[in-house]
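[1] With the sequence up front, the predicted model follows.
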Amino acid sequence: MKQFISVNDVPNIDALVQLALAIKANPEDYREVGKGKSLAMMFFNSSLRTRLSTDLAAAKLGMDRAILNVSSDSWGLDFTDGSIMNADKAEHVKEAAPVIGGYADILAIRAFPSLTDREADYNEQLITNFNKYAGVPLLSMESATLHPLQSLTDLVTIRELFPQKKKLKVALRWAPHPRKLPQAVANSFAQWINKADDIDLQIVHPKGFELHPDFSGNATISHEPVDGLANADIVYVKNWSAYEPYGHTVNDKAHWLLDNKALQKAPNAKIMHCLPVRRNVVIADEVLDGPKSAVQQQANNRLWSAMAVLHELLREGK
Amino acid sequence: MKQFISVNDVPNIDALVQLALAIKANPEDYREVGKGKSLAMMFFNSSLRTRLSTDLAAAKLGMDRAILNVSSDSWGLDFTDGSIMNADKAEHVKEAAPVIGGYADILAIRAFPSLTDREADYNEQLITNFNKYAGVPLLSMESATLHPLQSLTDLVTIRELFPQKKKLKVALRWAPHPRKLPQAVANSFAQWINKADDIDLQIVHPKGFELHPDFSGNATISHEPVDGLANADIVYVKNWSAYEPYGHTVNDKAHWLLDNKALQKAPNAKIMHCLPVRRNVVIADEVLDGPKSAVQQQANNRLWSAMAVLHELLREGK
Amino acid sequence: MKQFISVNDVPNIDALVQLALAIKANPEDYREVGKGKSLAMMFFNSSLRTRLSTDLAAAKLGMDRAILNVSSDSWGLDFTDGSIMNADKAEHVKEAAPVIGGYADILAIRAFPSLTDREADYNEQLITNFNKYAGVPLLSMESATLHPLQSLTDLVTIRELFPQKKKLKVALRWAPHPRKLPQAVANSFAQWINKADDIDLQIVHPKGFELHPDFSGNATISHEPVDGLANADIVYVKNWSAYEPYGHTVNDKAHWLLDNKALQKAPNAKIMHCLPVRRNVVIADEVLDGPKSAVQQQANNRLWSAMAVLHELLREGK
């Protein structure tokens, strides 16, 4: 695997899922895989789960890790060809990326969208440029529009939850949130699940929260918060802001809270969420603290999924 | 040892002290103890000594370490059961703690008191909740009311300084400070020293700076800055703000500076302080730079004490 | 080598350069050199290249690393003998330095100049005091007036670029910059290059940007932006602010941009810069993206140079 920016970088999704599960079963077998190799992690945005799980994943493979907390604002990184850098931008990505790539074997980056400039966000300027110039495999720890480490984890968790079932029904279910959030987790989840032949994806959201068709693909769409979940094996709960008008959100959808009543048509569903979750706004306590919840198992799988991805990227390393 | 939040978590204090001294004598013997194990360190407050010593202690045991600089403000961590999280709190401790505990074998936390809400501080809400939900051994790197890593170090240092003396006289001596400080170091020191049968503890402070009786216990109390130190083997200097009114401090006690004159009744005493120390406000140059001072030895023992604690917590690890 | 603060700390410059090149050729041979040893890195100022390269250099030697992001402002570090610390300074260097030195085997520090108080900057108060009290070898990661890790890298790169040439002509060439920058890189480069018998140094800058003679030494000085580069083998481009009036800069020197026209008298020169570089202000795209540029090779050599320095400092470690 040459890079890990989207599902399209993964030659064999099933094999990657199985590798994550194999690592989870016997993590100590992989202790020497990354010995003498290094991971540089650049955080343009804050992170808890992703940071800790990726950092310790690299450690468990024996890798050296170095962390840079940067801000595209404070650093003043320039992405424009031919710009005359006499203002606030201190360094061009044409220098920064290969310098960092020259020190580390893998470069991991986390950079959120603006949610104000859709074109810039969906062009993935930052991660695309770093990937172009770094000279080493690039690992996305969530970009403006995608979060493939989360999606791999989600698929790993689904395979754990339903190891034998033939045809799965998965609902990606919008939920309310007081802030406007990126579409990255939802886009990426849809993109990954759409690749699985044995999973039917239904996306359930209020009108106005359609994902871009590049990601929703052939998924069926429902605007019914309860009926849209009928017979789901998995209900994947997540808020996202609108693609059009970009970044728009609403505050009159409290009834989209995912509680036990909302699950009446999906009595056997397992509930997933990428966390952090606003309790009793996004998902009710009764669900999170009950037997349907798989959110901790899912969060824990971040570790093994990151190890699997690093494992595959190391094969392409310097 | 299942956790390290207070002296009450230590099954055998003397054994832990002796382990720290054994590690100090031959640190390289412990290089493999934590191999393949990981420590996640969460700093809700800034730290220099504790951070560096705990981090390198884990490294010297062969552990992987990951550090999270967080702020309970910026993170917006919710500790309340049943809360509807539609305001500024982004994550509930019920999710955060087990997620982090799922990645690491030991979770270390540093979180200071507010010094404004005594009930909340003395309830130790943050560390208690993380301990309840983390699922792995929790290590306090200073909580709202206690600092057990410091106290263990203090006891290790006392045993080094007086390896054979039968009955020791230790004075915990208040000193002035321009800012209001937590009671944690003083509470914890008293709590630990009170457990030692062979040490008499005298607490010396101006009226109004009484520690809570849960910590001062049976120690004798003196309000005499000089006479209160009579015949002390150890003078442990520290400022703390008042328990009642909570967080109150005073600026008319410059004569409580610990200088050579203040030590006239304790001519053979060794001087300890947890650092950082305000020179010539808390302790005079003549004491800190003279032969009585043990503050560097004490600070250095943080490393070996942290190794001993991690060593014991690893036995309870996943 | 007992410390690495300036070129004067290096017993044998050529041997150190050769060690860096030997490490670059076979880095895996040095994997165990620092095993069980630790590096504490203190950043009083932000850093990308230096931080990442020094951190991973230590890792590649098998060292444990701990990083402290501090600010002399926020920490309130006191450097004055006998001061009564009742104001904003929380800790004296007499405590801080030996405490940190007590935990780590090598202490690395980065601290920029004020550019307002020349005497304080050129006295190198911070790094001098840490060196005095730390008790372990001190490694400068750029101080107020010098940047020896950069200069070693520069020399390593020059030796790589011209392995056999007998007498080299190197031009240190001032270039414009919108902000006022330290003199550290220029001072240090001149100091190192002046030590090499087989290199002639010419310093090329507008009037008013003279370096202090302690650093420029016997280098020839030119004020001609183009003619001053005649027949140069290396053109080392860098902005610096004035020594007198201290920190002064100008905004009418756009014609000092280093472009191909500026290199007409040095047709075979290799171009170096420590990075970050303002494209089309300091150096033109046509130069940076052309075959003359050695800036990436130079940046990459930071890693091997840091390994060489740590290698030598470890011999003096505890």
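    Everything's here; your move. Residues are numbered from 1 along each chain as shown, chains lettered A, B, ... in the order given.
[2] Regarding chain A, what is its longest helix?
    Ranked by residue count, the top helix of chain A under DSSP state H comes out as helix A:295-314.
[3] now for that one, which elements pack on it?
    Other elements packing on helix A:295-314 under the criterion 3 or more CB pairs under 8 Å, 6 or more residues apart in numbering or on different chains; DSSP states H and E are helix A:13-25, helix A:49-60, strand A:106-110, strand A:138-140, helix A:148-161, strand A:270-272, helix B:93-103. Where C-beta positions appear, they are placed from N, C-alpha and C, glycine not excepted.
[4] what's the angle from the last one to strand B:106-110?
    When you say that, I think you mean helix B:93-103. Inter-element angle recorded for helix B:93-103 and strand B:106-110: 130 degrees (by axes from the mean of the first three to the mean of the last three CA atoms, to 10 degrees).
[5] For the closest residue to chain B within the stretch 101-250 of chain A, what is the enclosing helix or strand?
    Closest residue of the stretch 101-250 of chain A to chain B, CB to the nearest CB: residue A:178 (4.9 Å). Using DSSP states H and E, residue A:178 sits within no helix or strand.
[6] Residue A:281 is in contact with that one, correct?
    Yes. Under the criterion of CB atoms under 8 Å, residue A:178 makes contact with residue A:281 at 6.9 Å.
[7] Of those two, which one has the most company?
    It is residue A:281, of residue A:178 and residue A:281, that has more neighbours when counted by other CB atoms under 10 Å in any protein chain shown, with 21 against 16.
[8] so that one sits right up against residue B:89, yeah?
    No. Applying CB under 8 Å as the test, residue A:281 and residue B:89 come out as separate, 10.3 Å apart.
[9] Send over stretch A:135-153 as PDB, restricted to the C-alpha atoms.
    Below are the C-alpha coordinates for stretch A:135-153, written out as PDB (Å, rounded to 0.1, in the frame of the first residue of the first chain):
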ATOM      1  CA  GLY A 135       8.500  11.400  -0.900                       C
ATOM      2  CA  VAL A 136       7.300   8.800   1.700                       C
ATOM      3  CA  PRO A 137       4.000   7.000   2.200                       C
ATOM      4  CA  LEU A 138       1.300   9.400   3.600                       C
ATOM      5  CA  LEU A 139      -1.200   8.300   6.200                       C
ATOM      6  CA  SER A 140      -4.400  10.400   6.700                       C
ATOM      7  CA  MET A 141      -5.400  10.800  10.300                       C
ATOM      8  CA  GLU A 142      -8.600  12.600   9.100                       C
ATOM      9  CA  SER A 143      -8.500  15.100   6.200                       C
ATOM     10  CA  ALA A 144     -11.000  17.700   5.100                       C
ATOM     11  CA  THR A 145     -13.400  15.200   3.600                       C
ATOM     12  CA  LEU A 146     -12.400  11.700   4.600                       C
ATOM     13  CA  HIS A 147     -11.400   9.700   7.700                       C
ATOM     14  CA  PRO A 148     -10.200   6.300   6.400                       C
ATOM     15  CA  LEU A 149      -8.600   5.100   9.700                       C
ATOM     16  CA  GLN A 150     -12.000   5.500  11.200                       C
ATOM     17  CA  SER A 151     -13.800   3.700   8.400                       C
ATOM     18  CA  LEU A 152     -11.400   0.800   8.400                       C
ATOM     19  CA  THR A 153     -12.000   0.500  12.200                       C
END
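[10] residue contacts, the residue nearest to residue A:261 when sequence neighbours are not counted?
    In space, and not counting its chain neighbours, residue A:261 is closest to residue A:226: 7.5 Å by CB to CB, 6 or more residues apart in numbering or on different chains. Counting by CB atoms under 8 Å, 6 or more residues apart in numbering or on different chains, residue A:226 touches A:261-262, A:264-265.
[11] Residue A:235 looks like it's in a helix, true?
    No. Residue A:235 is assigned strand when assessed by DSSP: H, G, I helix; E, B strand; the rest coil, not a helix.
[12] Quick check: beta-bridge partners of it?
    For residue A:235, the beta-bridge partners are residue A:171, residue A:271 (DSSP bridges).
[13] What count of nearby residues applies to it?
    28.
[14] Please apply the same query to residue A:35.
    Around residue A:35 there are 12 residues (other CB under 10 Å).
[15] Could you report the distance from it to residue C:222?
    Look at residue A:35 and residue C:222: by CB to CB, to the nearest Å, they are 51 Å apart.
[16] And residue A:301, by the same measure?
    In terms of CB to CB, residue A:301 sits 63 Å off from residue C:222.
[17] Can you pick out the residue with more neighbours from these two?
    Neighbours were counted for residue A:301 and for residue C:222 using other CB under 10 Å; residue A:301 has more, 26 against 17.
[18] what's the weakest-modelled helix or strand in chain A?
    Lowest by mean pLDDT, DSSP states H and E among the helices and strands of chain A is helix A:72-75, with a mean of 69.
[19] which residue does the stretch 1-150 of chain A bring closest to chain B?
    Taking CB to the nearest CB, the stretch 1-150 of chain A has residue A:59 as its residue nearest chain B, at 3.7 Å.
[20] Next, give phi and psi for the most far-flung residue of chain A relative to its centre.
    Distance from the centre of chain A peaks at residue A:86, with 36.1 Å (CA atoms, centre = their mean). Main-chain torsions, residue A:86, degrees, to the nearest 10: phi -110, psi 10.
[21] Contacts only, for it.
    C:178, C:278, C:281.
[22] Take the residues you listed and write them to a markdown table, including pLDDT and distance to residue A:82.
    Formatted as a markdown table, the contacts of residue A:86 follow (pLDDT from 0 to 100; distance: CB to CB, whole Å):
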| residue | pLDDT | distance to residue A:82 |
| --- | --- | --- |
| C:178 | 96 | 18 |
| C:278 | 97 | 13 |
| C:281 | 97 | 12 |
